[in-house]
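# fold the stuff below for me.
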Amino acid sequence: MTSRRMLSWFALLCVVVPASPVLAQDADSVPVDRWTPALSMRYPSVRGTAVSPDGSRIAYVVRTPVMDDEHSEYRSQIWVVDADGGEPVQYTRGEQSSSSPAFSPDGRLLAFTSARSGKNQVWIIRLAGGEAEQLTHADPGVSSFRFSPDGTKIAYRMRDPDTAEEKAARKAKRDVILVNQQFKYNHLYVVPVAADAQGRHPATRLTEGTFEVTAFDWAPDGSRIVFAHRADPRLNTASRDGDISIVTVNDDPTVTPLITGGGVEGTPLFSPDGRTVAFTSTGSHPEPVGLADVYVVSAGGGTPHRLAMTPDRSPGLLGWTADGSGVLLSEAVHTTRQVILLPADGSEPQFVTEGEGVYGSVSFDRHTSMMAFTWQDPETPVDVYRSPVHGFDRHRVTDLNRDIPRPAMGRTELLRWRSPDGREIEGLLTYPVDYRAGRVYPLILNVHGGPAGAFSQSFTGNPSVYMLQYFAQEGFAILRPNPRGSTGYGKAFRYANVKDWGFGDLDDLLSGVDEVIRRGVASPDSLALMGWSYGGYMTSFAVTRTNRFKAASMGAGLPDLISMVTTTDIGDYLAAHMGGEFWEDYETYQKHSAIYRIANVTTPTQVIHGARDLRVPFTQGQEFYRALLRRGIPTEMIVYPRTPHGPREPKFVMDVSERILTWFNRYLRSPAATTDGR
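Just a heads-up that it's a prediction; the model follows:
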């Protein structure tokens with residue numbers, strides 16, 4: 001997803017702002033009685049869990065930033081804790097990350113991936129102790145893996161290695177790129193866990209050809225693997241096609257198609273008895289705006305049967321119940337994320353989890369009787385929890401944040417309001433720290449990306465591009481709406497902004513601002529606007545339609561949809577929202593492009609972009625910045641080097657909110673104005 005081009009001429013085209021005066025390496029010495037970007041960076045994230053087959057242990061991945069004079073990166077390491085609680089044990093260390101933990105079926109081994117040998121490989125370590133051993137020697141490395149049901153093998157995906165001719169061409173500086181003609185595909189391989197007489201683990205290739213394996217699962221008897229695949233590895237084409245096949249696991253593997261047709265299929269999972277395969281599908285045709293339902297089909301072939309529709313029709317399959325009576329999945333439900341049981345008999349879905357907050361990184365024991373997961377809500381940072389699958393009862397088993405200061409927070413409230421056309425909209429309002437009723441405060445309207453993203457009830461002290469509690473600490477209220485087009489509210493809501501970008505969705509946003517003003521929280525004279533990606537698009541479009549905002553910050557925005565659709569790596573997604581190709585309907589593309597309305601802008605607008613962004617190419621931000629500059633509108637452009645579609649380096653993540661706060665404070669009223677606006 002990251003670009004390897006576009007660098008040498010940046011100095012001629014844009015302003016690169018010097019580094020922030022707050023040094024990232026001082027994160028541990030900053031004041032701890034108030035929220036700062038440095039303090040938020042101390043809160044870790046959990047990137048996956050795994051439950052031992054007997055449910056007695058939980059492995060989980062903790063990601064933390066490493067920031068010093070020479071480093072600005074994230075590292076992930078694996079910890080293991082007893083499911084009943086106790087002191088966790090760190091199983092991996094070092095300067096290379098480790099991730100994707102998986103217990104062997106007998107519970108004696110823990111497998112994981114790490115690039116500690118130079119390329120991402122599968123490693124195994126005994127739970128009883130000892131050094132990790134490298135299992136695979138894949139070139140160029142392992143993408144994902146799974147133990148066989150009996151634990152004697154591991155199947156993995158690997159991208160096609162470079163040929164001898166390609167290596168020679170690169171060495172001789174003759175490595176010309178033929179666009180869309182040199183695909184490297186992920187294919188399936190299998191390797192024995194036990195070494196042979198020479199101490200090796202020879203790999204056997206199971207699939208080959210001009211298709212990309214995207215997901216796979218073992219049959220319970222280990223004789224077959226079901227896998228999803230598509231025609232090529234480009235992200236843009238992922239919404240066009242996808243089929244499912246089965247391959248035998250032997251010395252002469254045979255591939256048999258299982259599901260073909262016009263829809264896009266993915267995430268196949270064998271039932272516990274091996275007779276049925278569950279999978280997601282868009283149905284009879286692609287749905288590039290976003291849609292999937294759960295289907296089941298006989299493993300021997302036949303007509304698929306769709307199960308009941310889930311609340312959002314965007315399920316993430318997790319696994320079958322042990323008795324084969326249903327499929328477990330994860331899905332966004334309004335501002336929460338829940339685990340849901342979908343009965344195989346077609347009856348209505350049942351919620352496994354309950355209440356508010358965000359459930360993630362879900363895993364199960366062998367019998368799907370116990371589950372591990374992460375949970376967080378706006379006031380509670382992430383930790384690892386466990387619960388019975390039936391009779392949900394959440395128990396925390398880690399205390400990842402006990403040594404991290406937690407100053408007083410601005411509380412977060414779920415709001416609902418009506419847009420001008422009567423549609424109900426939800427949003428999350430975070431109040432300023434030390435909020436006092438009867439005062440009005442400057443308000444930041446924060447718009448999410450996507451447009452099929454959604455703001456959820458995650459911890460508001462988390463590190464992110466927009467450090468929410470930092471803004472709240474500085475006296476701002478922050479409104480994060482989920483306008484039409486957002487995930488979590490069903491298909492009709494998600495499709496409601498097709499051919500309507502910048503109009504109905506902007507009405508949803510502005511009516512939310514009006515609601516916060518009506519409640520007496522926000523000053524109508526101190527409004528600011530920020531958003532990344534689609535949120536950046538909405539920022540650019542909003543300042544062409546209204547002068548209500550005193551300042552705006554456009555992050556990785558796309559103000560010119562015509563140039564965007566021919567340069568982004570997801571052009572089909574944009575064209576689906578515009579209703580067709582731009583040469584068939586210039587008017588629609590121009591109508592929804594802020595660049596063609598640039599003469600209307602009066603709002604001081606900051607532009608932020610990553611130098612190596614392929615999702616929203618760098619030139620999109622540059623177009624808007626140059627147009628604002630030529631019009632004499634107050635602006636500045638901030639470019640983060642080495643950065644794709646959003647900062648990946650911790651020091652840059654810390655930097656963004658400080659840049660925005662400085663910009664907003666330059667143009668807004670001072671915080672905590674009185675109720676009469678003085």
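# where does Y435 fall, phi/psi-wise?
phi -60, psi 140 (degrees, to the nearest 10).
# what's the separation between it and P378?
Applying CB to CB, to the nearest Å, the value for Y435 to P378 is 14 Å. All C-beta spots, glycine's among them, are computed from the backbone N, C-alpha and C.
# looking at those two, which one has more neighbours?
Higher neighbour count among Y435 and P378: P378, with 25 against 16, using other CB atoms under 10 Å.
# just the pLDDT for the more buried one.
In this model, P378 is scored at 98, pLDDT.
# and what of T675?
For T675, the predicted pLDDT is 37.
# try R174
With respect to pLDDT, R174 scores 96.
# next, it: phi, psi?
Taking degrees, to the nearest 10, you get phi -120, psi 20 for the backbone angles of R174.
# residue contacts, it?
Applying CB atoms under 8 Å, 6 or more residues apart in numbering to R174 gives no contacts.
# how far away is G427 from N446?
Separation of G427 from N446 (CB to CB): 9 Å.
# quick check: neighbours shared by those two?
Shared contacts of G427 and N446 (CB under 8 Å, 6+ apart): 455, 479-480.
# would you list the residues you listed in CSV and tack on pLDDT, secondary structure and distance to M637?
Shown next, in CSV, are the shared contacts of G427 and N446 (pLDDT from 0 to 100; DSSP: H, G, I helix; E, B strand; the rest coil; distance: CB to CB, whole Å):
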residue, pLDDT, secondary structure, distance to M637
F455, 98, coil, 26
L479, 98, strand, 26
R480, 98, strand, 25
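# out of the residues you listed, which is nearest to G391?
The closest of those to G391 turns out to be F455 (CB to CB; 30.6 Å).
# wait, doesn't that closest one sit right on R337?
No: under the criterion of CB atoms under 8 Å, F455 is not in contact with R337, lying 11.7 Å apart.
# which one of these two has more residues nearby?
When neighbours are counted by other CB under 10 Å, R337 comes out ahead of the other of F455 and R337, with 25 against 18.
# burial count for the spatially closest residue to that one that is not a sequence neighbour?
Leaving aside its chain neighbours, R337 sits nearest to V358 (4.7 Å; criterion: CB to CB, 6 or more residues apart in numbering). A total of 21 residues lie near V358 under the criterion other CB under 10 Å.
# which strand residues bridge V358?
Judged by DSSP bridges, the bridge partners of V358 are R337, Q376.
# separation between A278 and A452?
Taking CB to CB, one finds A278 at 23 Å from A452.
# between those two, tell me which one has more neighbours.
A278 (27 against 20).
# which residues of the chain fall in helices?
For the chain, the helices defined by DSSP state H occupy 37-40, 164-171, 468-473, 491-494, 504-518, 534-545, 561-565, 571-578, 586-591, 618-631, 650-667.
# now do the longest one, average pLDDT.
Here helix 650-667 scores 97 as its mean pLDDT.
# again, but for stretch 336-356
When pLDDT is averaged along stretch 336-356, the result is 97.
# ok, and for it, which residues are buried?
By 16 or more other CB atoms under 10 Å, the buried positions in stretch 336-356 come out as 336-342, 344, 349, 352-353.
# start to end distance for that stretch?
6 Å (CA to CA, to the nearest Å).
# pull the residues that contact it.
Here stretch 336-356 makes contact (CB under 8 Å, 6+ apart) with 271, 276, 278, 294, 296, 305, 307-308, 310-311, 315, 318, 321, 324-331, 357-360, 362, 371, 373, 377, 387, 389, 392, 456-457.
# got the phi and psi for the residue nearest to the spatial centre of the chain?
Centroid-nearest residue in the chain: G453, 9.1 Å away (criterion: CA atoms, centre = their mean). Main-chain dihedrals, G453, degrees, to the nearest 10: phi -80, psi -170.
# surely it meets W532?
No: using CB under 8 Å, G453 makes no contact with W532, being 9.4 Å away.
# just to revisit the earlier point, filter the contacts of stretch 336-356 down to the buried ones, PyMOL style.
Restricted to buried positions by 16+ other CB under 10 Å, the PyMOL selection for those reads:
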select buried, resi 271+276+278+294+296+307+310+311+315+318+321+324+326+327+328+329+330+331+357+358+359+360+362+371+373+377+387+389+456+457
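# which of the contacts of stretch 336-356 fall in strands?
Among the contacts of stretch 336-356, the ones falling in strands (DSSP state E) are 276, 278, 294, 296, 305, 318, 326-331, 358-360, 362, 371, 373, 377, 387.
# skipping its backbone neighbours, what lies nearest G290 in space?
Nearest one to G290, counting by CB to CB, 6+ apart, is A452 at 5.0 Å.
# phi, psi of that neighbour?
Phi and psi for A452, reported as degrees, to the nearest 10, are phi -90, psi 20.
# so it makes contact with Y489?
No: counting by CB under 8 Å, Y489 is not a contact partner of A452; they are 10.4 Å apart.
# show me what S298 is bridged to.
Applying DSSP bridges to S298 gives these bridge partners: T276.
# next, count neighbours for it.
Residues near S298, counting by other CB under 10 Å: 13.
# please list all residues in contact with I608.
553-556, 621, 637-640, 656, 659-660 are the contacts of I608 under CB under 8 Å, 6+ apart.
# redo that, cut-off 6 Å
555, 638 (CB atoms under 6 Å, 6 or more residues apart in numbering).
# from I570, how far out is it?
Distance of I608 to I570, given as CB to CB: 20 Å.
# quick one: pLDDT of the residue lying closest to P257 once chain neighbours are set aside?
Distances taken as CB to CB, 6+ apart put S245 closest to P257, at 5.0 Å, once the chain neighbours are dropped. As predicted, S245 sits at a pLDDT of 98.
# check S239 too.
S239 is assigned 90 on the pLDDT scale.
# what does the one 10 residues further on give?
Among the per-residue scores, V249 holds a pLDDT of 98.
# now swap in the one 5 residues further on and tell me
Model confidence at T254, expressed as pLDDT, equals 98.
# and for it, the neighbour number?
Neighbourhood size, T254 [other CB under 10 Å]: 10.
# distance of the residue lying closest to it once chain neighbours are set aside relative to A408?
Nearest residue to T254, sequence neighbours excluded (CB to CB, 6+ apart): T248, at 4.9 Å. Separation of T248 from A408 (CB to CB): 61 Å.
# before we move on, what about L329?
Per CB to CB, L329 is found 38 Å from A408.
# dump the residue contacts of R47.
Each residue near R47 by CB under 6 Å, 6+ apart is listed here: 61, 63, 76.
# is the second one bridged to anything, and to what?
It refers to R63. Note on R63: beta-bridge partners S45, S76, judged by DSSP bridges.
# does it really touch Y74, like I thought?
Yes: at 5.3 Å, R63 counts as touching Y74 under the criterion of CB atoms under 6 Å.
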